[in-house]
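J.: predicted model, plus sequence, below.
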Amino acid sequence: LAAGPLEGKRIVVTSGPTHEPIDPVRYIANRSSGAQGTAIAEALRDLGAEVVFVTGPATAPRPQGVQVIEVESARDMRAAVMGALPAAAAVFAAAVADWRVTSESGSKIKKQDGRLPVLEFAENPDILREVAHLQDGRPGLVVGFAAETDDVEANAVAKRARKGCDWIVANDVSPETGIMGGTENAVLLVTGDGVEPWPRAGKDVVARRLAERMADALSKG
Ligand code: C5P
């Protein structure tokens with residue numbers, strides 16, 4: 001059997017939502033299923049990569065034949081990603097919560113007559129941005145995602161610059177597209193060379209196309 005084009009290459013993939021605890025029984029989350037991240041991990045594995053799959057509490061079944069690291073919060077995810085480096089490439093498909101609750105309570109918050117709890121927030125670490133800006137040990141190819149509901153292309157181009165990543169895979173997650181939580185995706189690939197719209201297809205097909213593009217880019221150094 002011929003070796004896959006990604007044989008011997010370690011690739012970190014983040015996936016799923018994060019859960020940001022409010023108290024021991026409550027959390028803030030989002031609707032990411034982890035389906036696209038899982039499909040990408042599988043596609044990279046099928047091309048021979050040594051995949052480290054860092055996932056939040058996603059509903060999608062975990063990919064087989066890869067190293068799976070289960071995390072809960074954005075801060076856990078950051079620590080797992082940093083611990084998984086160095087890597088040839090990293091794909092940030094996770095829907096990381098932008099904020100965590102700083103007022104997290106060690107015990108369950110009680111309902112009190114007429115008094116409502118007030119939650120305080122802080123910004124979570126931006127894992128993609130941090131990895132893309134590493135002076136030492138930056139992966140050779142850093143791929144981010146942009147889930148947008150408006151001005152997808154302009155926002156994705158701006159996001160690529162702001163995050164410092166090599167590519168952005170952008171998609172429209174407006175509810176009427178059925179993409180978030182669905183089986184299909186329609187993405188724009190934003191690279192240093194421009195913007196390519198890819199046809200709407202199964203998340204597995206999009207994943208295979210991305211994995212092949214990554215193999216291509218990594219083989220060119
Ligand atoms: O800024 P925004 O959340 O729209 O950026 C999305 C991209 O950044 C995704 O690739 C996501 O995985 C990554 N991200 C991250 N850490 C965060 C927020 C987003 O890695 N705290």
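T.: Structure received.
J.: could you export stretch 69-78 as PDB, CA atoms only?
T.: Provided in PDB are the C-alpha atoms of stretch 69-78 (Å, rounded to 0.1, in the frame of the first residue of the first chain):
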ATOM      1  CA  ILE A  69      -8.500  14.800  23.600                       C
ATOM      2  CA  GLU A  70     -11.800  15.700  25.200                       C
ATOM      3  CA  VAL A  71     -12.100  19.200  26.700                       C
ATOM      4  CA  GLU A  72     -14.900  21.300  28.100                       C
ATOM      5  CA  SER A  73     -14.000  25.000  28.200                       C
ATOM      6  CA  ALA A  74     -12.100  27.300  25.900                       C
ATOM      7  CA  ARG A  75      -9.300  27.500  28.400                       C
ATOM      8  CA  ASP A  76      -9.100  23.700  28.500                       C
ATOM      9  CA  MET A  77      -9.000  23.600  24.700                       C
ATOM     10  CA  ARG A  78      -6.200  26.200  24.600                       C
END
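J.: quick one: Pro5 and Leu44, what's the gap?
T.: 10 Å (CB to CB, to the nearest Å). (Each C-beta comes from the backbone N, C-alpha and C, glycine too.)
J.: packing partners for the biggest strand by length in the chain?
T.: For the chain, the strand that runs over the most residues, judged by DSSP state E, is strand 141-148. Using 3 or more CB pairs under 8 Å, 6 or more residues apart in numbering; DSSP states H and E, the elements in contact with strand 141-148 are strand 89-92, helix 127-132, helix 152-163, strand 167-172, helix 203-219.
J.: want to try JSON lines for these, with distance to Tyr27 as columns?
T.: Converted to JSON lines, the helices and strands packed on strand 141-148 look like this (distance: least, CB to CB, whole Å):
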{"stretch": "strand 89-92", "distance to Tyr27": "21"}
{"stretch": "helix 127-132", "distance to Tyr27": "19"}
{"stretch": "helix 152-163", "distance to Tyr27": "26"}
{"stretch": "strand 167-172", "distance to Tyr27": "25"}
{"stretch": "helix 203-219", "distance to Tyr27": "25"}
